[in-house]
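Q: task: produce atomic coordinates for the following.
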Amino acid sequence: MGYARAATVSDLPLVRIENLSTHFSASRGPFRPPGVVRAVDGVSLEVFAGETLGLVGESGCGKSTLGRSLLRLIEPTSGKIFFEGQDITKLSQRELRPLRRKMQIVFQDPFSSLDPRMTVRDTVAEALEIHGLAHGRVALDERVAALFAKVGLRPDQMNRYPHEFSGGQRQRVGIARALAVEPKFIVADEPISALDVSIQAQIVNLLKDLQEELGLAYLFIAHDLKVVEYLSHRVAVMYLGRVVELALARDLYDHPSHPYTRALLSAVPVPDPEHKRERQVLEGDVPSPLNPPSGCAFHPRCPIVQKGLCDVSAPPLVALRARPTHQVACFKAEDPASAATQPVAAP
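A: Have a look, this model is predicted:
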């Protein structure tokens with residue numbers, strides 16, 4: 001169930017972000033100065049070779065912005081991004097280009113991410129040509145055919161256009177395009193949310209098989225907590241631009257420590273009627289990142305809020321003494337070790 005450590009996980013992080021923030025300017029009306037949307041607000045995370053870090057949270061919490069920021073598809077406002085130990089935060093686009101091979105993305109909507117005017121063969125071959133990985137029609141066709149076979153498509157489908165494929169097949173094309181340049185790290189940005197339920201399991205199992213075969217690392221962004229549980233080694237929970245809990249998958253699902261995480265998990269159906277979870281319904285709506293609450297961003301909806309503390313100060317992400325690889329940003333979390341404030345390393 002995604003609990004075991006991947007066999008190829010390294011002791012050193014492949015990707016590391018430190019205090020990463022991505023803010024956007026936003027209009028607040030004709031007679032008011034522009035505001036600042038804090039889409040990502042001081043996030044520190046690590047992803048290790050061969051592991052899947054799941055990233056979950058409600059819509060609008062900043063998950064996709066975080067994924068695209070660490071690839072520098074969106075330029076972060078502040079913080080640092082390291083890939084294989086190299087600080088890539090300030091590299092120019094020309095300097096960054098060789099690293100693009102190693103860091104790829106699979107988008108949420110497989111139809112809008114493919115050029116409808118290009119055959120899928122040309123879409124995948126384009127990446128090979130740009131990075132000089134194959135030359136000439138024959139060599140390109142052979143590489144594309146091999147990639148199609150790897151993701152479960154027939155090579156004789158190469159010359160079709162995106163509209164001739166189903167949603168699941170288009171997502172396989174998107175995965176083939178990401179694999180074409182032999183990456184080490186892939187951001188999977190809600191790759192199954194636009195697909196039929198009957199197809200989702202096929203794509204998830206494909207990603208899992210590819211990871212085992214190729215030693216890939218994933219940042220898997222999703223809102224389906226059962227899928228994240230199945231695929232992930234560790235899970236980070238985001239709320240309003242910040243990570244509020246980070247733990248091994250088994251610990252997070254068995255011992256959720258942040259009230260927001262507990263509320264999310266309480267809504268997940270449990271197949272065993274003997275082990276029903278008590279539903280915890282959150283009051284109110286997610287606050288606007290244009291005008292976030294003071295102190296802990298979750299405090300207006302928190303069932304255990306402590307007035308005079310939670311509404312004044314933002315709790316840091318700290319480890320629990322009982323489970324040092326389990327971090328929680330909550331003043332009332334069970335047994336916090338106040339000195340442990342660094343990102344959790346892989347077990």
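Q: average pLDDT for the host helix or strand of Gln202?
A: Per DSSP states H and E, Gln202 falls inside helix 197-214. Here helix 197-214 scores 94 as its mean pLDDT.
Q: for it, which positions count as buried?
A: Of the residues in helix 197-214, those with enough neighbours to count as buried (16 or more other C-beta atoms under 10 Å) are Ile199, Gln200, Gln202, Ile203, Val204, Leu206, Leu207, Lys208, Leu210, Gln211. For the C-beta atoms, the positions are set from N, CA and C on the backbone; glycine is no exception.
Q: stretch 150-167 too?
A: Lys150, Val151, Gly152, Leu153, Gln157, Met158, Pro162, Phe165, Gly167.
Q: list the contacts of the residue positioned nearest the centre of the chain.
A: For the chain, the residue nearest the mean C-alpha position is Ile221 (3.3 Å; C-alpha atoms, centre = their mean). If you count contacts by C-beta atoms under 8 Å, 6 or more residues apart in numbering, Ile221 has them with Leu55, Val56, Lys63, Ser64, Gly67, Val187, Ala188, Asp189, Glu190.
Q: now do the helices in the stretch 151-300 of the chain.
A: With helices called from DSSP state H, counting those that start in this stretch, the stretch 151-300 of the chain shows them at 167-179, 197-214, 225-231, 249-254, 259-266.
Q: now distance to His23 too, for these, in TSV please.
A: Output for those, formatted as TSV (distance: least, C-beta to C-beta, whole Å):
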stretch	distance to His23
helix 167-179	28
helix 197-214	31
helix 225-231	27
helix 249-254	28
helix 259-266	22
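Q: quick one: closest of these to Pro324.
A: helix 249-254 (10.5 Å; C-beta to C-beta).
Q: what residues does the closest one touch?
A: Outside helix 249-254, the residues touching it (C-beta under 8 Å, 6+ apart) are 1-3, 54, 228-229, 232-235, 237, 245, 261, 265, 323, 325-326.
Q: next, the buried residues of that helix.
A: Ala249, Arg250, Asp251, Leu252, Tyr253.
Q: now do stretch 125-140
A: Ala125, Ala127, Leu128, Leu133, Ala134, Leu140.
Q: before we move on, the earlier item: out of the helices of the stretch 151-300 of the chain, which is closest to Gly241?
A: Going by C-beta to C-beta, the one of the helices of the stretch 151-300 of the chain nearest Gly241 is helix 259-266, 13.1 Å.
Q: I'd like the next helix or strand past the closest one.
A: Downstream of helix 259-266, the first helix or strand assigned by DSSP H and E is strand 318-320.
Q: next SSE downstream of that next one?
A: strand 327-328.
Q: tell me the secondary structure of Glu46, please.
A: strand (DSSP: H, G, I helix; E, B strand; the rest coil).
Q: show me the beta-bridge partners of the closest residue to it other than its chain neighbours.
A: What sits nearest to Glu46 in space, not counting adjacent residues and going by C-beta to C-beta, 6 or more residues apart in numbering, is Pro13, at 3.9 Å. Applying DSSP bridges to Pro13 yields these beta-bridge partners: Phe48.
Q: show the pLDDT at Pro13.
A: The model reports Pro13 with a pLDDT of 94.
Q: that one: how many residues sit nearby?
A: 21 (other C-beta atoms under 10 Å).
Q: separation between it and Glu212?
A: Using C-beta to C-beta, to the nearest Å, Pro13 is found at 20 Å from Glu212.
Q: which elements pack onto the helix or strand hosting Val36?
A: Per DSSP H and E: Val36 is located in strand 35-48. Using 3 or more C-beta pairs under 8 Å, 6 or more residues apart in numbering; DSSP states H and E, the elements in contact with strand 35-48 are strand 13-26, strand 52-56, helix 63-70, strand 217-221, strand 242-248.
Q: so what touches the third one?
A: Read it as helix 63-70. 15, 17, 20, 22, 39-40, 43, 55-57, 74-76, 81, 105, 108, 187, 189-190, 219, 221, 238.
Q: am I right that Arg121 sits in a helix?
A: Yes: assessed by three-state DSSP, Arg121 belongs to a helix.
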